[in-house]
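Colleague: The amino acid sequence is not available; the structure is as follows:
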(Lines give C-alpha, C1' and ligand atoms only; values in the text may rest on other atoms or scores of the structure.)
Protein backbone atom coordinates (compact mmCIF):
# COMPACT_ATOMS: atom_id res chain seq x y z
CA UNK A 1 0.00 0.00 0.00
CA UNK A 2 2.69 2.51 1.01
CA UNK A 3 4.86 1.51 -1.95
CA UNK A 4 1.82 2.28 -4.18
CA UNK A 5 1.44 5.69 -2.53
CA UNK A 6 5.05 6.51 -3.32
CA UNK A 7 4.65 5.31 -6.91
CA UNK A 8 1.50 7.36 -7.41
CA UNK A 9 3.19 10.40 -5.95
CA UNK A 10 6.12 10.05 -8.36
CA UNK A 11 3.77 9.80 -11.37
CA UNK A 12 1.70 12.70 -10.12
CA UNK A 13 4.77 14.83 -9.55
CA UNK A 14 6.04 14.13 -13.08
CA UNK A 15 2.60 14.99 -14.52
CA UNK A 16 2.40 18.26 -12.60
CA UNK A 17 5.83 19.19 -13.85
CA UNK A 18 4.48 19.14 -17.43
CA UNK A 19 1.54 21.49 -16.80
CA UNK A 20 2.05 25.18 -17.60
CA UNK A 21 0.26 27.98 -15.80
CA UNK A 22 -1.64 30.33 -18.13
CA UNK A 23 -3.20 32.55 -15.48
CA UNK A 24 -2.34 36.22 -15.90
CA UNK A 25 -1.23 37.51 -12.52
CA UNK A 26 0.43 40.72 -11.46
CA UNK A 27 4.14 40.22 -10.77
CA UNK A 28 5.67 42.27 -7.99
CA UNK A 29 9.35 42.95 -8.58
CA UNK A 30 11.52 41.42 -5.83
CA UNK A 31 15.19 40.58 -5.51
CA UNK A 32 15.74 37.15 -7.03
CA UNK A 33 17.44 34.40 -5.07
CA UNK A 34 17.96 30.66 -4.80
CA UNK A 35 18.73 28.24 -1.98
CA UNK A 36 21.89 26.13 -1.93
CA UNK A 37 23.09 23.28 0.24
CA UNK A 38 25.92 20.76 -0.07
CA UNK A 39 26.10 17.05 0.79
CA UNK A 40 29.43 15.21 1.09
CA UNK A 41 28.88 11.69 -0.30
CA UNK A 42 32.39 10.78 -1.51
CA UNK A 43 33.60 7.85 0.64
CA UNK A 44 37.35 8.45 0.34
CA UNK A 45 37.51 12.26 0.12
CA UNK A 46 38.76 14.52 2.93
CA UNK A 47 36.85 17.43 4.42
CA UNK A 48 35.90 19.97 1.76
CA UNK A 49 35.06 23.64 1.46
CA UNK A 50 32.58 24.93 -1.13
CA UNK A 51 33.00 28.24 -2.95
CA UNK A 52 30.35 30.13 -4.92
CA UNK A 53 31.90 32.81 -7.14
CA UNK A 54 35.03 32.45 -5.02
CA UNK A 55 33.26 33.08 -1.71
CA UNK A 56 33.18 30.10 0.70
CA UNK A 57 29.93 28.84 2.20
CA UNK A 58 29.79 29.03 5.97
CA UNK A 59 31.04 25.51 6.82
CA UNK A 60 33.02 25.51 10.06
CA UNK A 61 35.99 23.18 9.75
CA UNK A 62 34.94 22.00 6.31
CA UNK A 63 32.29 19.46 5.39
CA UNK A 64 33.10 15.83 6.23
CA UNK A 65 31.88 12.64 4.57
CA UNK A 66 28.23 11.95 5.46
CA UNK A 67 27.58 15.56 6.44
CA UNK A 68 25.18 18.05 4.89
CA UNK A 69 24.78 21.80 5.19
CA UNK A 70 21.47 23.57 5.67
CA UNK A 71 20.04 25.52 2.77
CA UNK A 72 21.65 28.94 2.46
CA UNK A 73 20.00 31.71 0.47
CA UNK A 74 22.08 33.10 -2.40
CA UNK A 75 21.36 36.39 -4.17
CA UNK A 76 20.81 37.12 -6.97
CA UNK A 77 19.76 34.15 -9.09
CA UNK A 78 22.48 33.93 -11.75
CA UNK A 79 25.07 31.84 -13.49
CA UNK A 80 27.65 31.29 -10.76
CA UNK A 81 31.01 29.59 -10.48
CA UNK A 82 30.96 26.53 -8.24
CA UNK A 83 34.15 25.06 -6.74
CA UNK A 84 34.85 22.31 -4.21
CA UNK A 85 38.21 22.49 -2.43
CA UNK A 86 39.62 19.57 -0.44
CA UNK A 87 41.54 20.08 2.79
CA UNK A 88 44.81 18.20 2.29
CA UNK A 89 47.96 18.03 4.43
CA UNK A 90 49.76 21.36 4.21
CA UNK A 91 47.04 23.21 2.33
CA UNK A 92 44.14 22.70 -0.05
CA UNK A 93 43.43 21.41 -3.56
CA UNK A 94 40.54 22.00 -5.92
CA UNK A 95 38.77 18.68 -6.55
CA UNK A 96 35.65 19.89 -8.39
CA UNK A 97 35.51 22.83 -10.78
CA UNK A 98 35.43 25.69 -11.00
CA UNK A 99 32.32 25.01 -13.08
CA UNK A 100 29.67 27.48 -14.16
CA UNK A 101 26.11 26.60 -13.22
CA UNK A 102 22.92 28.53 -13.98
CA UNK A 103 20.95 28.93 -10.74
CA UNK A 104 17.32 29.93 -11.33
CA UNK A 105 15.15 32.14 -9.18
CA UNK A 106 13.07 30.51 -6.43
CA UNK A 107 14.75 27.11 -6.74
CA UNK A 108 16.38 24.95 -4.08
CA UNK A 109 19.64 23.35 -5.25
CA UNK A 110 21.47 20.48 -3.59
CA UNK A 111 25.07 19.93 -4.68
CA UNK A 112 26.17 16.38 -3.83
CA UNK A 113 29.86 15.50 -4.05
CA UNK A 114 29.81 11.93 -5.43
CA UNK A 115 32.39 9.53 -6.83
CA UNK A 116 35.83 8.82 -5.42
CA UNK A 117 38.85 11.03 -4.89
CA UNK A 118 41.26 8.12 -5.34
CA UNK A 119 40.34 7.43 -8.97
CA UNK A 120 39.59 11.06 -9.92
CA UNK A 121 35.88 10.30 -10.40
CA UNK A 122 34.80 12.91 -7.83
CA UNK A 123 32.11 15.10 -9.41
CA UNK A 124 29.13 17.30 -8.47
CA UNK A 125 25.63 15.87 -8.76
CA UNK A 126 23.24 18.85 -8.74
CA UNK A 127 19.59 18.28 -7.88
CA UNK A 128 17.11 21.16 -8.15
CA UNK A 129 13.55 21.47 -6.86
CA UNK A 130 11.09 24.35 -6.56
CA UNK A 131 10.99 26.10 -3.21
CA UNK A 132 7.85 24.94 -1.43
CA UNK A 133 6.68 24.03 2.05
CA UNK A 134 5.51 20.64 3.30
CA UNK A 135 2.19 20.16 5.07
CA UNK A 136 2.31 19.34 8.77
CA UNK A 137 1.01 15.79 8.23
CA UNK A 138 2.99 15.04 5.07
CA UNK A 139 6.50 13.78 4.34
CA UNK A 140 8.38 14.77 1.21
CA UNK A 141 11.22 12.45 0.16
CA UNK A 142 13.69 12.22 -2.69
CA UNK A 143 16.17 9.35 -3.04
CA UNK A 144 19.62 9.66 -4.64
CA UNK A 145 22.00 6.82 -5.58
CA UNK A 146 25.32 8.21 -4.40
CA UNK A 147 27.35 5.02 -3.73
CA UNK A 148 29.90 4.61 -6.54
CA UNK A 149 30.68 0.96 -5.79
CA UNK A 150 27.04 -0.15 -5.57
CA UNK A 151 25.24 -1.55 -8.65
CA UNK A 152 21.86 -0.60 -10.09
CA UNK A 153 19.18 -1.30 -7.49
CA UNK A 154 15.42 -1.57 -7.03
CA UNK A 155 13.97 0.45 -4.15
CA UNK A 156 10.97 -0.61 -2.06
CA UNK A 157 9.36 1.79 0.43
CA UNK A 158 6.62 -0.04 2.32
CA UNK A 159 4.84 -0.49 5.60
CA UNK A 160 7.19 -2.14 8.10
CA UNK A 161 5.64 -5.62 7.87
CA UNK A 162 4.92 -5.77 4.11
CA UNK A 163 6.26 -8.71 2.10
CA UNK A 164 7.95 -7.40 -1.06
CA UNK A 165 7.97 -10.79 -2.85
CA UNK A 166 5.08 -9.90 -5.18
CA UNK A 167 5.48 -6.12 -5.12
CA UNK A 168 6.76 -3.87 -7.87
CA UNK A 169 9.57 -1.60 -6.75
CA UNK A 170 9.09 2.10 -6.17
CA UNK A 171 11.72 2.61 -8.84
CA UNK A 172 15.03 1.44 -10.26
CA UNK A 173 18.13 3.56 -10.43
CA UNK A 174 21.90 3.43 -10.82
CA UNK A 175 24.74 5.53 -9.41
CA UNK A 176 24.09 9.24 -9.97
CA UNK A 177 20.34 8.87 -10.57
CA UNK A 178 17.40 10.05 -8.44
CA UNK A 179 13.85 8.98 -7.53
CA UNK A 180 11.17 11.52 -6.63
CA UNK A 181 10.54 13.84 -4.91
CA UNK A 182 7.26 12.39 -3.62
CA UNK A 183 4.86 13.42 -0.84
CA UNK A 184 3.17 10.80 1.34
CA UNK A 185 1.41 10.74 4.72
CA UNK A 186 3.54 10.80 7.86
CA UNK A 187 4.02 7.43 9.56
CA UNK A 188 6.24 4.37 9.89
CA UNK A 189 8.04 3.14 6.78
CA UNK A 190 10.60 0.57 5.78
CA UNK A 191 13.18 1.03 3.02
CA UNK A 192 14.58 -2.03 1.29
CA UNK A 193 17.12 -1.95 -1.52
CA UNK A 194 17.49 -4.99 -3.80
CA UNK A 195 20.19 -5.43 -6.43
CA UNK A 196 18.53 -5.23 -9.86
CA UNK A 197 17.97 -8.71 -11.28
CA UNK A 198 18.00 -10.54 -7.93
CA UNK A 199 15.07 -12.92 -8.36
CA UNK A 200 15.04 -13.74 -4.64
CA UNK A 201 14.59 -10.06 -3.73
CA UNK A 202 17.06 -10.44 -0.88
CA UNK A 203 17.61 -6.92 0.47
CA UNK A 204 21.11 -5.52 0.11
CA UNK A 205 19.91 -2.87 2.56
CA UNK A 206 17.04 -2.99 5.04
CA UNK A 207 16.29 0.04 7.18
CA UNK A 208 13.89 -1.72 9.52
CA UNK A 209 11.10 0.50 10.85
CA UNK A 210 11.78 4.21 10.37
CA UNK A 211 9.37 6.84 11.72
CA UNK A 212 8.97 9.79 9.35
CA UNK A 213 7.28 12.73 11.12
CA UNK A 214 4.98 15.15 9.33
CA UNK A 215 6.55 18.27 7.89
CA UNK A 216 9.79 16.49 7.03
CA UNK A 217 11.47 17.43 3.74
CA UNK A 218 14.02 14.67 3.16
CA UNK A 219 16.76 14.04 0.65
CA UNK A 220 17.95 10.46 1.17
CA UNK A 221 21.35 9.65 -0.32
CA UNK A 222 22.59 6.06 -0.52
CA UNK A 223 26.30 6.32 0.38
CA UNK A 224 29.03 3.72 0.56
CA UNK A 225 29.08 1.89 3.89
CA UNK A 226 32.27 2.78 5.76
CA UNK A 227 30.99 1.77 9.22
CA UNK A 228 31.96 -1.15 11.44
CA UNK A 229 31.65 -4.43 9.57
CA UNK A 230 31.78 -2.80 6.13
CA UNK A 231 32.96 -5.25 3.50
CA UNK A 232 32.27 -8.32 5.61
CA UNK A 233 30.02 -11.09 4.23
CA UNK A 234 26.35 -10.33 4.81
CA UNK A 235 26.89 -6.63 5.53
CA UNK A 236 25.17 -3.99 3.43
CA UNK A 237 27.33 -2.08 0.93
CA UNK A 238 25.43 1.13 1.71
CA UNK A 239 23.93 3.24 4.42
CA UNK A 240 21.44 6.09 3.97
CA UNK A 241 22.41 9.69 4.64
CA UNK A 242 19.26 11.73 5.27
CA UNK A 243 19.33 15.52 4.91
CA UNK A 244 16.22 17.14 6.41
CA UNK A 245 15.60 20.64 5.12
CA UNK A 246 16.11 22.92 8.10
CA UNK A 247 16.89 20.18 10.63
CA UNK A 248 20.34 18.94 9.67
CA UNK A 249 21.24 15.36 8.79
CA UNK A 250 21.35 11.83 10.17
CA UNK A 251 22.30 8.32 9.02
CA UNK A 252 20.17 5.19 8.73
CA UNK A 253 22.08 1.91 9.01
CA UNK A 254 21.08 -1.53 7.84
CA UNK A 255 19.27 -3.41 10.60
CA UNK A 256 22.07 -6.00 10.72
CA UNK A 257 24.88 -3.46 11.16
CA UNK A 258 27.10 -4.62 14.05
CA UNK A 259 29.26 -2.75 16.48
CA UNK A 260 32.91 -3.81 16.73
CA UNK A 261 35.34 -3.69 19.61
CA UNK A 262 38.78 -4.87 20.60
CA UNK A 263 40.34 -5.19 24.03
CA UNK A 264 43.94 -4.38 25.01
CA UNK A 265 45.96 -5.47 28.05
CA UNK A 266 48.28 -2.46 28.39
CA UNK A 267 48.66 -2.35 32.18
CA UNK A 268 52.45 -2.73 32.55
CA UNK A 269 52.59 -4.07 36.13
CA UNK A 270 49.58 -6.39 35.88
CA UNK A 271 50.12 -10.15 35.61
CA UNK A 272 48.56 -12.23 32.79
CA UNK A 273 44.79 -11.83 32.62
CA UNK A 274 41.58 -13.34 31.26
CA UNK A 275 38.92 -11.15 29.66
CA UNK A 276 35.27 -12.02 30.22
CA UNK A 277 32.35 -10.48 28.36
CA UNK A 278 29.00 -10.81 30.16
CA UNK A 279 30.64 -13.28 32.55
CA UNK A 280 31.79 -15.63 29.80
CA UNK A 281 35.18 -16.10 28.19
CA UNK A 282 35.44 -14.44 24.78
CA UNK A 283 34.80 -16.77 21.85
CA UNK A 284 38.28 -18.18 21.19
CA UNK A 285 37.77 -18.33 17.43
CA UNK A 286 37.27 -14.55 17.38
CA UNK A 287 39.45 -13.10 20.13
CA UNK A 288 42.00 -15.01 22.19
CA UNK A 289 42.47 -13.17 25.47
CA UNK A 290 42.90 -16.03 27.87
CA UNK A 291 45.96 -15.98 30.14
CA UNK A 292 47.62 -13.19 28.14
CA UNK A 293 50.56 -11.13 29.32
CA UNK A 294 51.33 -7.44 28.79
CA UNK A 295 51.17 -5.99 26.12
CA UNK A 296 48.46 -7.60 23.95
CA UNK A 297 45.81 -6.05 21.69
CA UNK A 298 43.07 -8.31 20.38
CA UNK A 299 41.51 -8.42 16.93
CA UNK A 300 38.10 -6.82 16.48
CA UNK A 301 34.96 -8.69 17.49
CA UNK A 302 31.55 -8.09 15.89
CA UNK A 303 28.76 -7.66 18.42
CA UNK A 304 25.15 -6.53 18.29
CA UNK A 305 24.64 -3.02 19.63
CA UNK A 306 23.97 -2.97 23.36
CA UNK A 307 25.55 -2.77 26.78
CA UNK A 308 28.07 -5.43 27.81
CA UNK A 309 29.83 -6.15 31.05
CA UNK A 310 33.62 -6.38 30.76
CA UNK A 311 35.58 -8.14 33.48
CA UNK A 312 39.35 -8.52 33.50
CA UNK A 313 40.57 -11.06 36.03
CA UNK A 314 44.02 -12.26 36.98
CA UNK A 315 44.62 -15.57 35.21
CA UNK A 316 46.28 -16.96 38.34
CA UNK A 317 43.40 -15.90 40.56
CA UNK A 318 40.01 -16.18 38.78
CA UNK A 319 37.44 -13.90 40.34
CA UNK A 320 40.02 -11.31 41.35
CA UNK A 321 38.78 -8.61 39.02
CA UNK A 322 41.04 -5.73 38.05
CA UNK A 323 38.18 -4.37 35.92
CA UNK A 324 34.41 -4.82 36.28
CA UNK A 325 32.69 -2.26 34.05
CA UNK A 326 29.77 -1.92 31.63
CA UNK A 327 30.52 -0.80 28.08
CA UNK A 328 27.85 0.51 25.67
CA UNK A 329 28.31 -0.21 21.95
CA UNK A 330 26.46 1.64 19.18
CA UNK A 331 25.69 -0.08 15.87
CA UNK A 332 28.08 0.87 13.07
CA UNK A 333 30.82 2.12 15.39
CA UNK A 334 34.22 0.62 16.29
CA UNK A 335 35.72 0.81 19.77
CA UNK A 336 39.09 0.10 21.36
CA UNK A 337 38.83 -0.82 25.04
CA UNK A 338 42.17 -0.29 26.84
CA UNK A 339 43.15 -1.39 30.34
CA UNK A 340 46.22 0.81 30.76
CA UNK A 341 46.67 1.98 34.38
CA UNK A 342 49.00 0.41 36.88
CA UNK A 343 47.35 -2.43 38.82
CA UNK A 344 46.56 -0.19 41.78
CA UNK A 345 44.68 2.26 39.56
CA UNK A 346 42.73 -0.10 37.35
CA UNK A 347 39.67 -0.48 39.53
CA UNK A 348 39.62 3.22 40.45
CA UNK A 349 40.14 4.65 36.96
CA UNK A 350 38.58 1.89 34.90
CA UNK A 351 38.83 1.34 31.18
CA UNK A 352 39.99 3.86 28.60
CA UNK A 353 37.63 3.61 25.59
CA UNK A 354 38.18 5.26 22.22
CA UNK A 355 36.02 5.28 19.12
CA UNK A 356 37.94 4.27 16.00
CA UNK A 357 37.47 5.63 12.48
CA UNK A 358 39.09 3.48 9.81
CA UNK A 359 37.63 5.23 6.77
CA UNK A 360 40.40 5.53 4.21
CA UNK A 361 41.06 9.01 2.79
CA UNK A 362 42.74 8.95 -0.60
CA UNK A 363 44.66 12.20 -0.17
CA UNK A 364 46.32 11.52 3.18
CA UNK A 365 47.38 9.07 5.82
CA UNK A 366 45.32 9.26 9.01
CA UNK A 367 47.56 8.96 12.07
CA UNK A 368 46.49 8.96 15.72
CA UNK A 369 48.86 9.07 18.71
CA UNK A 370 47.68 7.76 22.10
CA UNK A 371 49.50 8.28 25.41
CA UNK A 372 49.07 5.05 27.41
CA UNK A 373 52.37 5.04 29.31
CA UNK A 374 51.38 5.62 32.95
CA UNK A 375 55.01 6.00 34.03
CA UNK A 376 55.69 8.87 31.65
CA UNK A 377 53.22 11.48 32.89
CA UNK A 378 52.86 14.71 30.90
CA UNK A 379 54.85 14.69 27.62
CA UNK A 380 55.44 16.67 24.44
CA UNK A 381 55.18 14.87 21.09
CA UNK A 382 57.11 15.85 17.95
CA UNK A 383 56.39 14.63 14.42
CA UNK A 384 59.26 15.60 12.12
CA UNK A 385 61.01 14.64 8.90
CA UNK A 386 63.42 11.68 9.32
CA UNK A 387 66.72 12.80 10.83
CA UNK A 388 65.62 16.41 11.19
CA UNK A 389 65.78 16.36 14.97
CA UNK A 390 63.73 18.45 17.36
CA UNK A 391 66.26 21.05 18.54
CA UNK A 392 64.86 23.93 16.50
CA UNK A 393 61.13 23.11 16.30
CA UNK A 394 58.17 23.41 18.62
CA UNK A 395 56.30 20.33 19.80
CA UNK A 396 53.61 19.17 17.39
CA UNK A 397 51.45 18.16 20.37
CA UNK A 398 52.60 19.89 23.57
CA UNK A 399 51.49 18.86 27.05
CA UNK A 400 49.88 15.49 26.28
CA UNK A 401 48.86 13.69 29.47
CA UNK A 402 48.31 9.99 30.22
CA UNK A 403 45.06 8.70 28.64
CA UNK A 404 44.94 11.54 26.11
CA UNK A 405 45.00 11.08 22.34
CA UNK A 406 45.65 13.45 19.48
CA UNK A 407 42.70 12.51 17.30
CA UNK A 408 43.33 11.54 13.69
CA UNK A 409 45.85 13.83 12.01
CA UNK A 410 46.22 13.96 8.23
CA UNK A 411 49.78 13.47 6.99
CA UNK A 412 51.14 13.25 3.47
CA UNK A 413 52.41 9.78 2.62
CA UNK A 414 56.07 9.26 3.54
CA UNK A 415 58.38 8.68 6.51
CA UNK A 416 58.31 10.57 9.81
CA UNK A 417 60.17 10.56 13.11
CA UNK A 418 57.99 10.52 16.22
CA UNK A 419 59.78 11.77 19.33
CA UNK A 420 58.35 12.01 22.85
CA UNK A 421 60.02 14.30 25.41
CA UNK A 422 59.51 15.42 28.98
CA UNK A 423 57.21 18.49 28.95
CA UNK A 424 58.85 21.77 28.05
CA UNK A 425 62.23 20.13 27.46
CA UNK A 426 64.16 18.38 24.70
CA UNK A 427 64.86 15.40 27.00
CA UNK A 428 63.83 12.39 24.93
CA UNK A 429 61.66 9.72 26.58
CA UNK A 430 60.71 7.76 23.44
CA UNK A 431 62.33 7.72 20.03
CA UNK A 432 62.94 9.10 17.61
CA UNK A 433 60.93 6.22 16.15
CA UNK A 434 60.44 6.21 12.39
CA UNK A 435 56.99 5.48 11.03
CA UNK A 436 56.21 4.95 7.36
CA UNK A 437 52.73 5.86 6.17
CA UNK A 438 50.95 5.85 2.82
CA UNK A 439 48.06 7.98 1.57
CA UNK A 440 44.85 6.07 2.19
CA UNK A 441 46.29 4.33 5.26
CA UNK A 442 45.08 4.56 8.86
CA UNK A 443 47.58 4.21 11.71
CA UNK A 444 47.55 4.23 15.51
CA UNK A 445 50.73 4.74 17.56
CA UNK A 446 50.47 3.94 21.28
CA UNK A 447 53.09 5.07 23.80
CA UNK A 448 53.61 2.43 26.51
CA UNK A 449 55.76 1.55 29.54
CA UNK A 450 58.26 -1.26 29.67
CA UNK A 451 56.98 -4.51 31.20
CA UNK A 452 56.66 -3.95 34.93
CA UNK A 453 56.30 -0.19 34.51
CA UNK A 454 58.43 2.84 33.78
CA UNK A 455 61.36 3.26 31.39
CA UNK A 456 62.50 2.35 28.83
CA UNK A 457 59.32 3.54 27.16
CA UNK A 458 58.26 2.23 23.78
CA UNK A 459 55.57 2.44 21.15
CA UNK A 460 53.11 0.07 19.50
CA UNK A 461 52.32 1.06 15.90
CA UNK A 462 49.18 -0.43 14.36
CA UNK A 463 48.49 -0.43 10.63
CA UNK A 464 44.73 -0.44 11.08
CA UNK A 465 43.83 -1.46 7.52
CA UNK A 466 46.21 -4.45 7.51
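Modeller: Sure, I can see it. Just so you know, these numbers come straight off a predicted model, no measurement behind them.
Colleague: Can you tell me the closest non-neighbouring residue to residue 49?
Modeller: Closest residue in space to residue 49, ignoring its immediate chain neighbours: residue 85 at 4.8 Å, by CB to CB, 6 or more residues apart in numbering. C-beta: built from backbone N, CA, C; applies to glycine.
Colleague: I should have written residue 405 there, sorry.
Modeller: residue 370 (4.3 Å).
Colleague: State the distance from that neighbour to residue 188.
Modeller: As for residue 370, its distance to residue 188 is 42 Å (criterion: CB to CB, to the nearest Å).
Colleague: Check which helix or strand residue 155 maps to.
Modeller: According to DSSP states H and E, residue 155 maps onto strand 153-158.
Colleague: helices and strands around that strand, which ones?
Modeller: helix 2-16, strand 138-145, strand 171-173, strand 187-195 (3 or more CB pairs under 8 Å, 6 or more residues apart in numbering; DSSP states H and E).
Colleague: run the last query once more with 10 Å
Modeller: If you count contacts as 3 or more CB pairs under 10 Å, 6 or more residues apart in numbering; DSSP states H and E, strand 153-158 packs onto helix 2-16, strand 138-145, strand 171-173, strand 178-185, strand 187-195, strand 205-212, strand 217-224.
Colleague: Helix or strand next in line after the first one, which one?
Modeller: The one in question is helix 2-16. Counting by DSSP H and E, the element after helix 2-16 in chain order, helix or strand, is strand 34-40.
Colleague: Centre of the chain to that next one, how far?
Modeller: Centroid displacement of strand 34-40 relative to its chain, using CA atoms, centre = their mean, to the nearest Å, is 20 Å.
Colleague: How about it, which residues are buried there?
Modeller: 34, 35, 36, 37, 38, 39, 40 (16 or more other CB atoms under 10 Å).
Colleague: residues contacting the spatially closest residue to residue 118 that is not a sequence neighbour?
Modeller: Once flanking residues are discounted, residue 118 sits nearest to residue 362: 3.5 Å by CB to CB, 6+ apart. Contact analysis of residue 362 by CB atoms under 10 Å, 6 or more residues apart in numbering lists 42-46, 86, 88, 116-120, 122, 439-440.
Colleague: so which strand or helix has residue 447?
Modeller: In the assignment (DSSP H and E), residue 447 maps to strand 442-448.
Colleague: before we move on, back to that, tell me how many other residues surround the residue nearest to residue 405.
Modeller: 24 (other CB atoms under 10 Å).
Colleague: who does it bridge with?
Modeller: For residue 370, the beta-bridge partners are residue 405, residue 446 (DSSP bridges).
Colleague: hang on, isn't it packed against residue 420?
Modeller: No: if you go by CB atoms under 10 Å, residue 370 and residue 420 don't touch, sitting 11.7 Å apart.
Colleague: Overlap in contacts, these two.
Modeller: 400, 445, 447, 459.
Colleague: If we only consider the residues you listed, which is nearest to residue 65?
Modeller: Nearest to residue 65 among those is residue 445, at 23.6 Å by CB to CB.
Colleague: check contacts around that closest one.
Modeller: 367-370, 381, 383, 405-406, 418, 420, 430, 433, 435, 459-462.
Colleague: Pull out the buried members of those residues.
Modeller: 367-370, 381, 383, 405-406, 418, 420, 430, 435, 459, 461-462.
Colleague: now residue 141: how far from residue 399?
Modeller: From residue 141 to residue 399 the distance is 49 Å (CB to CB).
Colleague: Assumed residue 230 was part of a strand.
Modeller: No: using DSSP: H, G, I helix; E, B strand; the rest coil, the assignment for residue 230 is coil, not a strand.
Colleague: What does it show for phi and psi?
Modeller: phi -60, psi 130 (degrees, to the nearest 10).
Colleague: what about the strands in the stretch 301-450 of the chain?
Modeller: With DSSP state E, counting those that start in this stretch, the ranges of strands along the stretch 301-450 of the chain come out as 301-303, 306-314, 321-329, 334-339, 352-356, 365-371, 379-384, 397-400, 404-405, 409-411, 414-421, 428-437, 442-448.
Colleague: Would you format these as TSV with mean pLDDT included?
Modeller: Converted to TSV, the strands of the stretch 301-450 of the chain look like this (pLDDT from 0 to 100):
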stretch	mean pLDDT
strand 301-303	89
strand 306-314	89
strand 321-329	91
strand 334-339	95
strand 352-356	96
strand 365-371	97
strand 379-384	96
strand 397-400	96
strand 404-405	96
strand 409-411	95
strand 414-421	95
strand 428-437	92
strand 442-448	96
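Colleague: Save those as a markdown table, and put in distance to residue 255 too.
Modeller: Formatted as a markdown table, those follow (distance: least, CB to CB, whole Å):
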| stretch | distance to residue 255 |
| --- | --- |
| strand 301-303 | 14 |
| strand 306-314 | 14 |
| strand 321-329 | 16 |
| strand 334-339 | 19 |
| strand 352-356 | 21 |
| strand 365-371 | 29 |
| strand 379-384 | 41 |
| strand 397-400 | 40 |
| strand 404-405 | 32 |
| strand 409-411 | 33 |
| strand 414-421 | 42 |
| strand 428-437 | 36 |
| strand 442-448 | 27 |
